[in-house]
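**Student:** Predicted model and sequence follow; I will ask about them next.
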Amino acid sequence: MSAADRQKIAAINVSATAVVTLASCYVQKHARTWREAGRCLGIGAIAGAGFYQAKRFAGRGDITEGWLLANAATSLVENTTAGEHPLGRIGYTFGPFRLRLVTPLDRARESIVDIDVSLAETIYLARMLNDADDVDVRDGMLWWETRDPVREDDRLFLGYTWGIYPGAWTRARETTWNHEAVHAVQALQTDSVDPPAITLAQKPRPIRFRHLRLGALNLADNVVHAQLVDYEDRWAEIEAYRLSGDEAPPR
Ligand SMILES: [Zn+2]
């Protein structure tokens, strides 16, 4: 991949994550002063660099490393937008659940593990199970396989990702699997700025179901892109093709 392409993709990740993190801080009322807003932008930029690197890892086949780094970057964003210490909790997403383990930097100390549930990722999980001939735990995430490529309109897909669940045709090439893993990281990146819709457990408890998140941005992004943007012009595809196979999306 050329240095110019790399720099462009990195710059878009850093700036877009910074701006969307600030927006999420604002919605959650944690960008009330210039100082708070600057903090949201700064931490968002760092997280964006983390997401970019996570996608580079996934694109070249180091998927476990990519997924762990993406989870760390997500932790920075969700802690900061909630007005907490950026490293107050370290989260890990598995299926529709996100486990958020407390660190010594957490100020509130209300629980050891908070579990958040995502509505969008629950819906994607159902869609994925519907399409899958086989489901596997691999690289720290849920993968699915199909015996036949996925057909959509006049296009044939050798890989397909629902939310954070990457999947591929059983006999797809290595680059296809890596490409889909990039999409899973993208989905986690979009989920990271989603404000909690409902706070479930209010009282301190060692382990508790804490938030329900809708994943509205993730769902809206999918619908809008599928309806309005041609496949080869979608940013998610341009990025995934560049990072996994160093090529442009096929027309
Ligand atoms: Zn793709």
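**Tutor:** In hand now; what should we look at? These figures come from a predicted structure and were not determined experimentally. Numbering: from 1, shown residues only.
**Student:** The protein against the ion: which residues are in contact?
**Tutor:** When proximity is defined by Cβ under 5 Å from the ion, the chain lies next to the ion at 237, 240. In short, each C-beta sits where N, CA and C put it, glycine included.
**Student:** Quick one: the helices in the chain, in order.
**Tutor:** Ranges of helices in the chain, per DSSP state H, are 3-27, 34-59, 63-81, 119-131, 174-192, 216-228, 235-245.
**Student:** any idea how far the longest one is from the chain center?
**Tutor:** Which is helix 34-59. Using Cα atoms, centre = their mean, to the nearest Å, the distance from the centre of helix 34-59 to the centre of the chain it belongs to is 13 Å.
**Student:** That one vs helix 235-245, what angle?
**Tutor:** Between the direction of helix 34-59 and that of helix 235-245, the angle (axes from the mean of the first three to the mean of the last three Cα atoms, to 10 degrees) works out to 50 degrees.
**Student:** which strands and helices sit next to helix 34-59?
**Tutor:** Packed against helix 34-59, as judged by 3 or more Cβ pairs under 8 Å, 6 or more residues apart in numbering; DSSP states H and E, are the following elements: helix 3-27, helix 63-81, helix 174-192, helix 235-245.
**Student:** With mean neighbour count added, can I get those helices in a markdown table?
**Tutor:** Formatted as a markdown table, these follow (neighbours: other Cβ atoms under 10 Å):
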| stretch | mean neighbour count |
| --- | --- |
| helix 3-27 | 17 |
| helix 63-81 | 24 |
| helix 174-192 | 25 |
| helix 235-245 | 21 |
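**Student:** separation between residue 36 and residue 238?
**Tutor:** Summarising the geometry, the distance separating residue 36 from residue 238, computed by Cβ to Cβ, to the nearest Å, is 33 Å.
**Student:** same check, this time on residue 222
**Tutor:** Residue 222 sits 16 Å away from residue 238, taking Cβ to Cβ as the criterion.
**Student:** same thing with residue 130?
**Tutor:** Counting by Cβ to Cβ, the gap from residue 130 to residue 238 is 28 Å.
**Student:** Excluding residues flanking it in the chain, which one is nearest the residue sitting nearest the centre point of the chain?
**Tutor:** Taking Cα atoms, centre = their mean, the centroid of the chain lies closest to residue 188, which sits 1.0 Å from it. Here the nearest residue to residue 188 in space, its sequence neighbours aside, is residue 70; by Cβ to Cβ, 6 or more residues apart in numbering that works out to 5.0 Å.
**Student:** Now do the contacts for the one you found.
**Tutor:** For residue 70, the contact set (Cβ atoms under 8 Å, 6 or more residues apart in numbering) comprises 50, 51, 54, 55, 58, 185, 188, 189.
**Student:** As CSV, the residues you listed with pLDDT would be great.
**Tutor:** Converted to CSV, the contacts of residue 70 look like this (pLDDT from 0 to 100):
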residue, pLDDT
50, 98
51, 98
54, 98
55, 98
58, 98
185, 98
188, 97
189, 97
